[in-house]
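>>> predicted model, plus sequence, below.
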Amino acid sequence: MDSSRLWRPLLALIFRVGASPDDDEDTRLKKALLVGTTTMVSIAAVLWGLTYLYFNEPVAAAIPLFYALFSTFYLVVFGISRHFGFFRFAHFTLSLLLPFLLMLALGGYINGSAVILWAFIAPLSAILGGRWRQATYGFLGYVALVIVSGLLQPNLRTENNLPFELIIAFFVVNIATVSGIALAVLVYFVKQKDLSVQLMRKNRELEQAYLQQEIMLRQSEKLATLGKLSAGMAHELNNPAAAAQRGADQLRGEISQLQKVQLELGALGLSPSQRDALAARTRLTEERARHPSDLDPLTRSDREDEIESCLEDSGVENAWEAAPMLVDMGYGPDALAELGQSFTAEQFPKVVASQSNSYATHSLLEEIGQGVRRIVEIVKALKSYSYLDQAPIQSIDVHEGLDNTLVMLRNKLKGGVSVRRDYAADLPHVQAFGSELNQVWTNIIDNAASAMEGQGELVLKTYQRDPWVVVEIHDTGPGIPEGILPQIFDPFFTTKAPGEGTGLGLNISHNIVVQKHQGEIAAHSQPGSTCFEVRLPVDFKAIETPGDAV
């Protein structure tokens, strides 16, 4: 029969004494070590006591036998009560006193085979139990007992009934066993140290990998944001650029036609008064090109018909083309008749053509100018938004950042989304990372625009509430369900369809506000209304950290 079938279940049973289902792995290990140590020392104590009893040393024999009895008693108590503190204290105390009393009973260091070395097991057990303070007290107690033993040595008996050979054998066994136990404990802690070093190294590698991954994810989110902004900017820039290009193409033909008409007028020999009248009308044409007459569609249609009839009666070719421009210039039938009185019937058609061509030319120039100004405005806003060629940390006008963000997202806000600004007039500047703060506004406003699906109102409100500059961004979207509101700043959390969102936008915004600017960000929502509130410290001195340039 395999003997292991007997002792293995017995050992498992012993090591489970005092165990509780609520114990963690560390506590379970400490209990098992202490129970195992107590059991083995108790068995050794019985053999020890019987040996001393065989050689007629009843007092010395009683000490280890009583130790075994008391150890068995508090093992049973521990198994029932599971009071680990009491068990640990009892083991500690008995382990410290047993060798001391036994050595005194046998006659001191030599006669007792230096059995006091076994008292060193008490602080070693305390170390394994994780009680550093108790281990220190145990070691001090051990040293104190060694000193007391030395002081009592001269008063102890000089002989006992043990054979000298047995005393020497026990002496060697005591030294070897205690030294072996101390070595085993030392090896255990050295291995634990090596494991801790390896674990620290792996943790550091994991932290570096996590940091690298976080940097890559942040970069990915920035690129995603840049992609959305680029698409919007391409559309925004394309419209004025296309208008300017179209105006330039048309301007070539108008200038050529205007030059031709001017030459024909010059050949008709205008008098000085006619040239003055024509020059005055030309100056008015330039002004009207910048500020055309504002007529309702019905009035404009009626007036164009009247002007077209007058022009046809005066022999003007292509009257239907000149009529709308003359109406934009503010001409009515009376003004047109007054103009006709200053010129001959032969000159009048050329004068009308000159005026309409001049108006078309200046209108196209104005259209081109507006397109170019719009492009300049967008480029300026883009540069200010990204804080190109500027220090990363500077005094920031929150209103300017919000306005630039609206320019960046104008294409997404077009249609049925109205924007209302409720800005505090005396809002102070804040020290901040400008481009990253704009990323916060972009993430929140972009989410609001997506939630409203092209219909609703976006309200930007700012005010100072010491010691904060507060920015509130309201939208009239469907709202955020109460069940997921606490999770919206968690990384990778998104309610968008796969491929439409990374789940990092609000998490990055939270980190920028809270970690980099020591501010606060919160969201409040109910059906039909959502508000993101960002609080930035007025007097915060931002400190650039590694990774800011990523």
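Thanks, I have the structure now.

>>> next, Ser179: secondary structure please.
Three-state assignment for Ser179 (DSSP: H, G, I helix; E, B strand; the rest coil): helix.

>>> around it, how many other residues sit close by?
Around Ser179 there are 12 other residues, counting by other Cβ atoms under 10 Å. C-beta coordinates here come from the backbone N, C-alpha and C atoms, glycine included.

>>> which stretches of the stretch 401-550 of the chain form helices?
410-413, 434-452, 505-511 (DSSP state H, counting those that start in this stretch).

>>> of these, which is nearest Tyr67?
Tyr67 lies closest, by Cβ to Cβ, to one member of these: helix 505-511, at 61.3 Å.

>>> just the CA coordinates for that closest one, please, in CSV.
Provided in CSV are the C-alpha atoms of helix 505-511 (Å, rounded to 0.1, in the frame of the first residue of the first chain):
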residue,chain,number,x,y,z
GLY,A,505,-12.6,61.8,-27.2
LEU,A,506,-14.2,62.6,-23.9
ASN,A,507,-11.5,60.5,-22.0
ILE,A,508,-8.8,62.7,-23.6
SER,A,509,-10.8,65.8,-22.8
HIS,A,510,-11.1,64.7,-19.2
ASN,A,511,-7.3,64.1,-18.9
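
>>> any chance of CSV for the helices of the stretch 401-550 of the chain, columns mean pLDDT, mean neighbour count and distance to Glu400?
Compiled in CSV, those are given as follows (pLDDT from 0 to 100; neighbours: other Cβ atoms under 10 Å; distance: least, Cβ to Cβ, whole Å):
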stretch, mean pLDDT, mean neighbour count, distance to Glu400
helix 410-413, 79, 18, 16
helix 434-452, 87, 22, 9
helix 505-511, 85, 22, 19
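
>>> next up, the contacts around the closest residue to Gln262 other than its chain neighbours.
Closest residue in space to Gln262, ignoring its immediate chain neighbours: Ser354 at 6.5 Å, by Cβ to Cβ, 6 or more residues apart in numbering. Ser354 makes contacts with 258, 261-262, 265, 278, 282, as judged by Cβ atoms under 8 Å, 6 or more residues apart in numbering.

>>> which two in those are spaced the farthest apart?
Spatially, the most separated pair among the contacts of Ser354 is Leu258 and Leu278, at 12.9 Å (Cβ to Cβ).

>>> hang on, the earlier thing: now tabulate the helices of the stretch 401-550 of the chain in CSV and tack on distance to Val419.
Output for the helices of the stretch 401-550 of the chain, formatted as CSV (distance: least, Cβ to Cβ, whole Å):
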stretch, distance to Val419
helix 410-413, 6
helix 434-452, 9
helix 505-511, 20
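
>>> Val173 is nearest to which of these?
For Val173, the closest of the helices of the stretch 401-550 of the chain is helix 505-511, at 64.2 Å, according to Cβ to Cβ.

>>> buried ones in the longest strand along the chain?
Secondary structure of the chain read by DSSP state E shows that its longest strand is strand 455-465. For strand 455-465, burial by neighbour count (16 or more other Cβ atoms under 10 Å) applies to 456, 458-462.

>>> so Glu287 sits in a helix?
Yes: judged by three-state DSSP, Glu287 forms part of a helix.

>>> near it, how many other residues are there?
As a burial measure, Glu287 scores 12 neighbours (other Cβ under 10 Å).

>>> would you map out the domains in the protein?
Following automatic domain parsing, one finds the domains of the chain at 10-162, 238-379, 393-537.

>>> for the chain, name the helix or strand with the lowest mean pLDDT.
Every helix and strand of the chain was ranked by mean pLDDT, DSSP states H and E. The lowest is helix 4-15, at a mean of 60.

>>> helix or strand right after it?
Using DSSP states H and E, the helix or strand that follows helix 4-15 in sequence is helix 25-54.

>>> tell me the contacts of the residue lying closest to Ala169 once chain neighbours are set aside?
What sits nearest to Ala169 in space, not counting adjacent residues and going by Cβ to Cβ, 6+ apart, is Ser113, at 8.0 Å. Contacts for Ser113 (Cβ under 8 Å, 6+ apart) come out as 106, 167-171, 173-174.

>>> got the angle between the longest strand of the chain and helix 434-452?
Angle of strand 455-465 versus helix 434-452, following axes from the mean of the first three to the mean of the last three Cα atoms, to 10 degrees, is 140 degrees.

>>> just the pLDDT for Ala182.
In this model, Ala182 is scored at 83, pLDDT.

>>> what packs against the host helix or strand of it?
Using DSSP H and E, the element containing Ala182 is helix 164-267. Here helix 164-267 is seen to pack against helix 121-128, helix 347-386, helix 398-408, helix 410-413, helix 434-452, helix 505-511 when contacts are counted using 3 or more Cβ pairs under 8 Å, 6 or more residues apart in numbering; DSSP states H and E.

>>> what about stretch 482-493, average pLDDT?
Regarding stretch 482-493, the rounded mean pLDDT is 82.

>>> what pLDDT does the residue lying closest to Gln153 once chain neighbours are set aside get?
Distances taken as Cβ to Cβ, 6+ apart put Gly108 closest to Gln153, at 4.6 Å, once the chain neighbours are dropped. You'll see Gly108 listed with a pLDDT of 86.

>>> again with His429
pLDDT, His429: 91.

>>> can you count the residues close to it?
Counted with other Cβ under 10 Å, residues neighbouring His429 total 14.

>>> kindly report the same for Thr494.
Neighbourhood size, Thr494 [other Cβ under 10 Å]: 18.

>>> how close does it sit to Asn447?
Note on Thr494: its distance to Asn447, by Cβ to Cβ, to the nearest Å, is 10 Å.

>>> cool, and Gly266?
Gly266 is 64 Å from Asn447, where distance means Cβ to Cβ.

>>> repeat for Lys380
26 Å.

>>> do the same with Leu69
Distance, Leu69 to Asn447, by Cβ to Cβ: 75 Å.

>>> got a list of what Asn56 touches?
Asn161.

>>> with Leu295 instead?
By Cβ under 8 Å, 6+ apart, the contact list for Leu295 reads 303, 327.

>>> what pLDDT does it get?
For Leu295, the model assigns a pLDDT of 72.

>>> and Asp2, by the same measure?
The pLDDT attached to Asp2 in the predicted structure is 50.

>>> need phi/psi at the residue nearest to Ala169.
Backbone torsions of Ser113, given as degrees, to the nearest 10, read phi 60, psi 30.

>>> then Pro527?
Taking degrees, to the nearest 10 as the convention, Pro527 sits at phi -50, psi 120.

>>> need the contact list for it.
By Cβ under 8 Å, 6+ apart, the neighbours of Pro527 are 478-479.

>>> can you count the residues close to the residue nearest to Gly454 when sequence neighbours are not counted?
The shortest distance from Gly454 to any non-neighbouring residue, by Cβ to Cβ, 6+ apart, is to Gly415 (4.5 Å). Look at Gly415: counted by other Cβ under 10 Å, it has 12 neighbours.

>>> related to what we said a few turns ago, any chance of the helices and strands packed on helix 164-267 in CSV, plus distance to Val469?
Shown next, in CSV, are these (distance: least, Cβ to Cβ, whole Å):
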stretch, distance to Val469
helix 121-128, 56
helix 347-386, 19
helix 398-408, 6
helix 410-413, 24
helix 434-452, 11
helix 505-511, 16
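
>>> and Asn56, what are its phi and psi?
Main-chain torsions, Asn56, degrees, to the nearest 10: phi 60, psi 50.

>>> okay, it and Ala337: tell me how far apart.
Separation of Asn56 from Ala337 (Cβ to Cβ): 153 Å.
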